[in-house]
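**Q** here is my input, please return the structure:
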Amino acid sequence: MLRPWKLEFEIDKKLDKAVYLQIADTIIADIRSGRLKAGDALPGSRNLATSLKINRNTVVEAYQVLINEEWVISKERKGIFISDQLPVLQHKRADQTSNYQNQPVMSGGVFIHFDDGHPDSKIAPVTELARAYRQIFSIKAKWQMMGYGDEYGDIEFRKMIAQMLNHQRGMQIQENEISITRGSQMGMFLTAQSLLTSGDAVLVEDPGYQPAWQAFEYAGAQLLPVPVDEEGICIETVEKLLTQHQNIKAIYITPHRQYPTTVTLSLSRRLKLIELSNQYNITIIEDDYDNEFHFGYRPLLPVSSFPELRHYVYIGTLSKVVAPALRIGYLATKNHDLLKKTGNLRKIIDVHGDVIMEQAVLQLIKEGAVKKHIKKATIHYKNKRDFVFNLLNQYMKEVAEFTLPEGGLAFWVVPKIKADWDVVTALLLEKNIKIIHPEQYGRNNVNGFRLSYGALPEEQLEHSIQVIAEILSRPG
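**A** Sure thing, here's the model as predicted:
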């Protein structure tokens, strides 16, 4: 007999959140609290819609979010059930309580460069940003912005970032727990210098983001690579390394879309990682570099949004949303001592951020221009992603493996036969095409590359994919 369960839910029209997401989040809260347990059945979509007096499609969308995020499973002709694969993190806590190289100059033709996954600067809201700048310089108190500001960034801007993280990414953060930085890489550097000392070790995804690795090594830390598979970073290896090394201080992850492979860290691994972080007292450094551009129902909430997690630094950026040339990043943490250290270090290298830029972007956010741009850009990039996916199926299906990413601005392409990347990249350069050499992703002979599409026009993408497919299909 199905377990009787009643959803305690009231639609909050004041929330800037769709009703189906409100339903999904309420069910997630019941799962996390233990009210709903593994194997419990949810009501049919028609029955739940009737009881809530809403359209059935709204419930169907809510259930689809829960399926996508692995909280529930759908059993054919039986219904929707709470997943029995979830680690019982809530119960365990209760038990514990009780007991490059430079780009060459090419002659002839157009040089096509596949970057890391940069956005298309041609669709950036430049006109709106220029207008916001002019308005700021016309206010009466403009002179107040010409002096030195706060090393953590404009307070109103930090309040807006906190509001965005809390409402859209499920976090529980305050403005005094945020520091604005000049891009996410500055946030990474400040975190590394403030958290790590010589002799510490950091777990990193392999393949992974080497600029972050360099920041950790510059602070004197040892890197301990952890392999990545189709569910993200391998938790078994993480647990093994934690038992073998007593000096591990942090783990660096890109769980939303792993860099460079684009895979999403599964829910079960997220929860296990939180458990290990708390058990071994290590800090999770979460790099959420492209959260905004997601083409499904919604992106998974950050690992840092889970209230069980005790030690984290969450790093994000607005540069991809507004314009790549505008270096606006941020870090958020509940570790106030760490935040104070980042502020003191920031004053040494950069007394304060770009207050005028922060005010301009703040104005765009308040008037809805940023939200409108994200909506427009998401449609633009989704169409482009689908276009590239069709090209890959047309030209590269026989020579490489690839999957359709749920978001972001790049595909991860893996040749079916191990490629000699020195030869491949050299042959592509002869054709005026440059990809990032896979050695930039790791130190263990990575056999794959990021095929970015955000900044390239369709004709260049089609031409390049044909050429890449032809070179990868050559014997030897």
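
**Q** contacts and neighbour counts: CA atoms only from here.
**A** OK.

**Q** give me the mean pLDDT for the longest helix seen in the chain.
**A** Longest helix of the chain, by residue count under DSSP state H: helix 369-395. Taken as a whole, helix 369-395 carries a mean pLDDT of 93.

**Q** quick check: buried residues in it?
**A** Across helix 369-395, burial judged by 16 or more other C-alpha atoms under 10 Å covers 369-370, 373-374, 377-378, 381-382, 384-385, 388-389, 391-392, 395.

**Q** what does stretch 295-314 rub up against?
**A** Outside of stretch 295-314, the residues that reach it under the criterion C-alpha atoms under 8 Å, 6 or more residues apart in numbering are 65, 69, 169-172, 191, 255-256, 270, 274-275, 277-278, 281-288, 291, 331-335, 378, 382, 406-407.

**Q** what's stretch 37-49 in contact with?
**A** When contacts are defined by C-alpha under 8 Å, 6+ apart, stretch 37-49 is touched by residues 2-3, 5, 31, 55-56, 58-60, 79-86.

**Q** buried among these? Need that as a selection in PyMOL.
**A** Provided next is the PyMOL selection string for whichever of the contacts of stretch 37-49 are buried by 16+ other C-alpha under 10 Å:
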select buried, resi 31+56+58+59+60+80+81+82+83+86
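
**Q** filter the contacts of stretch 37-49 down to the ones in strands?
**A** Assigned to strands by DSSP state E, the following of the contacts of stretch 37-49 qualify: 79-82.

**Q** surely L273 meets I233?
**A** No - the pair formed by L273 and I233 falls short of the contact definition of C-alpha atoms under 8 Å, at 9.6 Å.

**Q** of these two, who's got more company?
**A** Under the criterion of other C-alpha atoms under 10 Å, the comparison of L273 against I233 puts I233 first, with 28 against 21.

**Q** pLDDT wise, what is the more buried one at?
**A** The confidence metric pLDDT takes the value 98 at I233.

**Q** need phi/psi at it.
**A** Backbone geometry at I233, expressed as degrees, to the nearest 10, gives phi -60, psi 140.

**Q** so it is in contact with E239, correct?
**A** No - taking contact to mean C-alpha under 8 Å, the distance of 11.3 Å between I233 and E239 leaves them out of contact.

**Q** okay, and the beta partners of I251?
**A** When bridges are called by DSSP bridges, I251 pairs up with L203, I284.

**Q** R169: neighbouring residues, count only.
**A** Neighbours of R169 under the rule other C-alpha under 10 Å: 18.

**Q** before we move on, back to that, of all the ones in strands among the contacts of stretch 37-49, which two lie farthest apart?
**A** By the measure C-alpha to C-alpha, the ones in strands among the contacts of stretch 37-49 have their two most distant members at G79 and I82, which lie 10.3 Å apart.

**Q** next up, the contacts around the nearest residue to T58 once chain neighbours are set aside.
**A** Distances taken as C-alpha to C-alpha, 6 or more residues apart in numbering place Y20 nearest to T58, at 5.3 Å, with adjacent residues excluded. With C-alpha under 8 Å, 6+ apart as the criterion, the residues that contact Y20 are 58-59, 61-62.

**Q** am I right that S319 is in contact with T181?
**A** No - counting by C-alpha under 8 Å, S319 does not reach T181; the two are 11.0 Å apart.

**Q** who has more neighbours out of the two?
**A** Neighbours around S319 and T181, counted as other C-alpha under 10 Å, are more numerous at T181. The numbers are 27 against 20.

**Q** need the pLDDT of that one.
**A** We have a pLDDT of 92 for T181.

**Q** what's the answer for L89, then?
**A** The predicted structure scores L89 at 47 on the pLDDT scale.

**Q** helices or strands up against the host helix or strand of E459?
**A** Secondary-structure element containing E459, defined by DSSP states H and E: helix 458-472. Using 3 or more C-alpha pairs under 8 Å, 6 or more residues apart in numbering; DSSP states H and E as the contact criterion, the elements in contact with helix 458-472 are helix 369-395, helix 421-430.

**Q** show me what it is in contact with.
**A** When contacts are taken as C-alpha under 8 Å, 6+ apart, the neighbours of helix 458-472 outside the stretch itself are 112, 384, 388, 391-392, 395-396, 399, 415, 419, 424, 427-428, 433, 453.

**Q** domain ranges for the chain, per the record?
**A** Domain assignment for the chain by automatic domain parsing gives 19-86, 112-124+371-472, 142-367.

**Q** quickly compare these and say which is most buried.
**A** Stretch with highest mean neighbour count among the domains of the chain: domain 142-367 (a mean of 19; mean count of other C-alpha atoms under 10 Å).

**Q** tell me how far that one lies from the chain's centre.
**A** How far domain 142-367 lies from its chain's middle: 10 Å, per C-alpha atoms, centre = their mean, to the nearest Å.

**Q** pLDDT on the longest strand seen in the chain, on average?
**A** Taking DSSP E as the criterion, the chain has its longest strand at strand 222-229. Model confidence over strand 222-229 averages 97 on the pLDDT scale.

**Q** stretch 331-347 too?
**A** Within the predicted structure, the mean pLDDT of stretch 331-347 is 95.

**Q** cool, stretch 261-279 as well?
**A** Stretch 261-279 shows an average pLDDT of 96 in the prediction.
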